[in-house]
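> Structure here, sequence nowhere to be found:
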């Protein structure tokens, strides 16, 4: 997801490494803070693959700044990653939010809708964080533990809000595709 975030933010505008790190941290930092030791090797991999380019510009102080930009191949790679996400990109909430943050760069309404439909199908599957002895998902109302009940109550409210948004957005995309 780090590489997707790098490609996505550079699609918006060329950035130097520090600004790119700030933006990625703002998107994912509360869950997965981005360390320089993680970011810069990812940048080098993308640069070596020809997906991003580095240009040295004079800095405001004495040190030059390295500005990163997306190449045409990088734009193509971003669109490919957005249009064919892995299952974990759909099911893991943090990865999903990173994917969702850049889905607008997938310019085809039908392709955007296909990604949203994958998430919708996942959210419509019966699930819980807690199960009975037979493997049946437990509902919040079935738990005596107020903390576990809280987890399920919050998850249910979040899922309902996301389901409503997904359905409304899919309807909107369907209207634009015709």
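Arrived safely, thanks for sending. These figures come from a predicted structure and were not determined experimentally.

> List the buried residues for the longest helix along the chain?
Counting residues, the longest helix found in the chain (DSSP state H) is helix 146-177. Within helix 146-177, the residues scored as buried using 16 or more other CB atoms under 10 Å are 148-149, 152, 162, 166, 170, 173. Where you see a C-beta, it was placed from the backbone N, CA and C, and this is true even at glycine.

> got it, and stretch 97-113?
For stretch 97-113, burial by neighbour count (16+ other CB under 10 Å) applies to 98-99, 101-103, 105-106, 109, 111-113.

> contacts for the lowest-mean-pLDDT helix or strand in the chain?
Within the chain, no helix or strand scores below helix 17-28, which has a mean of 88 by mean pLDDT, DSSP states H and E. Outside helix 17-28, the residues that touch it by CB atoms under 8 Å, 6 or more residues apart in numbering are 1-2, 5-6, 9-10, 15, 33-34, 36, 39-40, 43, 66, 68, 94, 97-98, 101.

> Distance to residue 129 added to the buried residues of helix 146-177, as a markdown table?
Compiled in a markdown table, the buried residues of helix 146-177 are given as follows (distance: CB to CB, whole Å):
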| residue | distance to residue 129 |
| --- | --- |
| 148 | 7 |
| 149 | 11 |
| 152 | 7 |
| 162 | 16 |
| 166 | 21 |
| 170 | 27 |
| 173 | 31 |
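
> my hunch is that residue 56 is in a strand, does that hold up?
Yes: under DSSP: H, G, I helix; E, B strand; the rest coil, residue 56 sits within a strand.

> Tell me the secondary structure of residue 107, please.
coil.

> Just the pLDDT for it.
On pLDDT, residue 107 comes in at 88.

> what does residue 63 give?
pLDDT, read off for residue 63, is 74.

> ok, now residue 30?
At residue 30, pLDDT is 63.

> how far does the helix or strand residue 79 falls within sit from the chain's center?
Following DSSP states H and E, the helix or strand that holds residue 79 is helix 72-83. Here helix 72-83 is found 14 Å from its chain centre; the criterion is CA atoms, centre = their mean, to the nearest Å.

> how about it: buried residues?
Buried, per 16+ other CB under 10 Å, within helix 72-83: 74, 77-79, 81-82.

> and that helix, what does it pack onto?
helix 2-12, helix 93-102, helix 109-124 (3 or more CB pairs under 8 Å, 6 or more residues apart in numbering; DSSP states H and E).

> Serialize those to CSV and add fields for distance to residue 131.
Output for the helices and strands packed on helix 72-83, formatted as CSV (distance: least, CB to CB, whole Å):
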stretch, distance to residue 131
helix 2-12, 32
helix 93-102, 20
helix 109-124, 18
